[in-house]
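*Asks:* Got a sequence here, can you model it:
(chains A, B, C and D)
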2 protein chains.
Amino acid sequence: MNERAKASRVSTKDIAHKALREMIIKGELEPGQPIAEEELAKELQISRTPLREALQILELEGLVNRSLNGRMNVAPISIQEVKEIFVIRSNLEGIVVEDAIDNITQKDIDHLTHLIKLLKMAISLEDYETIDRFGKQFHEYIYTVSGNKMAVKFLYQLNSMINRYRRLAHKSIGDTKQSVKEHKMILHYIIQKDKINAVEEMKKHILGSLNQAIKTVEKYEHTQF
Amino acid sequence: MNERAKASRVSTKDIAHKALREMIIKGELEPGQPIAEEELAKELQISRTPLREALQILELEGLVNRSLNGRMNVAPISIQEVKEIFVIRSNLEGIVVEDAIDNITQKDIDHLTHLIKLLKMAISLEDYETIDRFGKQFHEYIYTVSGNKMAVKFLYQLNSMINRYRRLAHKSIGDTKQSVKEHKMILHYIIQKDKINAVEEMKKHILGSLNQAIKTVEKYEHTQF
DNA sequence: TTTAAAATAATTGTATACAATTATAAAGTT
DNA sequence: AACTTTATAATTGTATACAATTATTTTAAA
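*Replies:* Purely as a prediction, here's the structure:
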């Protein structure tokens, strides 16, 4: 048999899915904008078959909507939806830290501690993109430790939508410093294996970013119909 | 223009999706069983195109899995997954009652009260199917009142999986009587607009059915690989 | 001019054909 | 006989063709 690992093939569908997701998150496809399959397929230089499958995934992810007549459009942005998403996310992140506490090892704690250090460093450099990346890594590392596949699956589903809003938000240095404090607190409770407070703190942390997200969204809001 | 409402066309894809979901929930397609597109398409008398789209929905719903080589199989059943699902559901149901309390009217309260009466009646008749139906209606009515589209969307997604386990479980009369008590309590707190206790009670109610579900699943478990 | 009806065009939904990949069987080698 | 290698078959992934539906334009009537 062949030595090298089988390069798990990337399908045209997956490429289209990721590309479109990116385009929607970046706003290159605007909220509310109608989608014509033929046209979009030509633009991506693929056929309609994998494109339709990609669009269907995006539909289930909540990034595009399908109206009764079958026509699709980029999902509008709404404050109501942002609120709903963040409350759900806060609960899921709560579930996930709680499970993570059951499984966490010293190696994991070291890694999370390291991530917080990196986070601080990025803040001192006012490098917002890096701040965002390390913050994300902190959370995602906890996802992995939790071993809760289902919750993680839902969290990633939510993240597709959250990323749309995250992109619009530009944090202040004050916000990021507050954020690093919260990460520290969460880690503290994880180390203590104090589930109640870890969950509590995590929920507060997520909901804290909600108000900020709402502000940035207000001016972009589109009506849903 | 035409008078009558446009009969929103049902697509082959949707029919296939619902049919397959039913078959999986009923166990007609067994956990772990491999799926061959061509064969299944012939059986359903449709082409592979809409079948593939239906299968993709089922994949995202967690009812089928796709392995690295593209082959699909009916998702196995596992205790770990049941646990994860119920914890997530309990949180989502908590979110939803909390929101429902903000919107609830006297009419809604009357309806929920009525459903509990029907539930009691079904219990006295030991009609388990009807018990199940009214219990479901009680929860789904709260979904609607909440107005939380996102949470409801996730709940329905979970329900596809939960229904697989629900079907295996056969409750005792004792269980159902306990259940009706819990419904009453939940409604009580809703009427009082006591969010904290309503959420608490709802979570307990959902998690209460977890242990029962676990028992029934234990003998059906298949290993995931 | 406005409204309704009919015809045309554009778009989505499904079936089929083909290409690419993966699994299975057969043949060859040590 | 066990292991590779090659050839064959089966299966999935993508493109194209066609059918069904929906939207738009044109024509006709009031």
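
*Asks:* Strands of chain A, start to end?
*Replies:* For chain A, the strands defined by DSSP state E occupy A:34-35, A:64-66, A:72-74.

*Asks:* what stretches of chain A score poorly on pLDDT?
*Replies:* Scanning chain A with the threshold set as pLDDT under 70 gives A:1-8, A:219-225.

*Asks:* measure the residue most central in space within it to residue A:183 for me?
*Replies:* Closest to where the C-alpha atoms of chain A average out (C-alpha atoms, centre = their mean) is residue A:159, at 2.2 Å. With distances taken as C-beta to C-beta, to the nearest Å, residue A:159 is found 18 Å from residue A:183. For the C-beta atoms, the positions are set from N, CA and C on the backbone; glycine is no exception.

*Asks:* what's the answer for residue A:28, then?
*Replies:* 32 Å.

*Asks:* Which one of the two is surrounded by more residues?
*Replies:* Each of residue A:28 and residue A:183 has its neighbours counted (other C-beta atoms under 10 Å in any protein chain shown); residue A:183 has more, 21 against 11.

*Asks:* That one is in contact with residue A:116, isn't it?
*Replies:* Yes: between residue A:183 and residue A:116 a contact is recorded at 5.5 Å, counting by C-beta atoms under 8 Å.

*Asks:* Quick check: neighbours shared by these two?
*Replies:* Residues touching both residue A:183 and residue A:116 (C-beta atoms under 8 Å, 6 or more residues apart in numbering or on different chains) are residue A:138.

*Asks:* picking up where we left off before, could the strands of chain A go into a markdown table alongside mean neighbour count?
*Replies:* Formatted as a markdown table, those follow (neighbours: other C-beta atoms under 10 Å in any protein chain shown):
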| stretch | mean neighbour count |
| --- | --- |
| strand A:34-35 | 14 |
| strand A:64-66 | 17 |
| strand A:72-74 | 20 |
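
*Asks:* Between those strands, which one is closest to residue B:100.
*Replies:* strand A:64-66 (24.7 Å; C-beta to C-beta).

*Asks:* Off-centre distance for that closest one?
*Replies:* Here strand A:64-66 is found 19 Å from its chain centre; the criterion is C-alpha atoms, centre = their mean, to the nearest Å.

*Asks:* what residues does that strand touch?
*Replies:* A:24, A:35, A:55, A:58, A:59, A:72, A:73, A:74, A:75, A:76.

*Asks:* Whether that strand contacts DNA strand D - can you check?
*Replies:* No: taking C-beta under 7 Å from any atom of the strand as the criterion, strand A:64-66 and DNA strand D are apart, separated by no less than 12.0 Å.

*Asks:* Show me what from chain A comes close to DNA strand D.
*Replies:* Near DNA strand D, when you scan chain A using C-beta under 7 Å from any atom of the strand, you find A:1, A:11-13, A:46-50, A:53, A:69-71.

*Asks:* What about those, which are in helices?
*Replies:* A:12, A:13, A:48, A:49, A:50, A:53 (DSSP state H).

*Asks:* Could you export those residues as a markdown table, including neighbour count?
*Replies:* Output for these, formatted as a markdown table (neighbours: other C-beta under 10 Å):
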| residue | neighbour count |
| --- | --- |
| A:12 | 16 |
| A:13 | 20 |
| A:48 | 13 |
| A:49 | 14 |
| A:50 | 18 |
| A:53 | 19 |
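
*Asks:* For residue B:127, state which of the residues you listed is nearest.
*Replies:* If you rank these by distance to residue B:127 using C-beta to C-beta, residue A:53 comes first, at 42.7 Å.

*Asks:* ok, that closest one touching residue A:14?
*Replies:* No: using C-beta under 8 Å, residue A:53 makes no contact with residue A:14, being 9.2 Å away.

*Asks:* how many neighbours does residue A:215 have?
*Replies:* Residue A:215 sits with 12 neighbouring residues when counted by other C-beta under 10 Å.

*Asks:* one step back: I'd like the ones in helices among the residues of chain A next to DNA strand D laid out as JSON lines, including distance to chain B.
*Replies:* Formatted as JSON lines, those follow (distance: C-beta to the nearest C-beta, whole Å):
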{"residue": "A:12", "distance to chain B": "13"}
{"residue": "A:13", "distance to chain B": "9"}
{"residue": "A:48", "distance to chain B": "10"}
{"residue": "A:49", "distance to chain B": "7"}
{"residue": "A:50", "distance to chain B": "10"}
{"residue": "A:53", "distance to chain B": "6"}
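
*Asks:* Kindly provide the distance from residue A:83 to residue A:24.
*Replies:* Separation of residue A:83 from residue A:24 (C-beta to C-beta): 20 Å.
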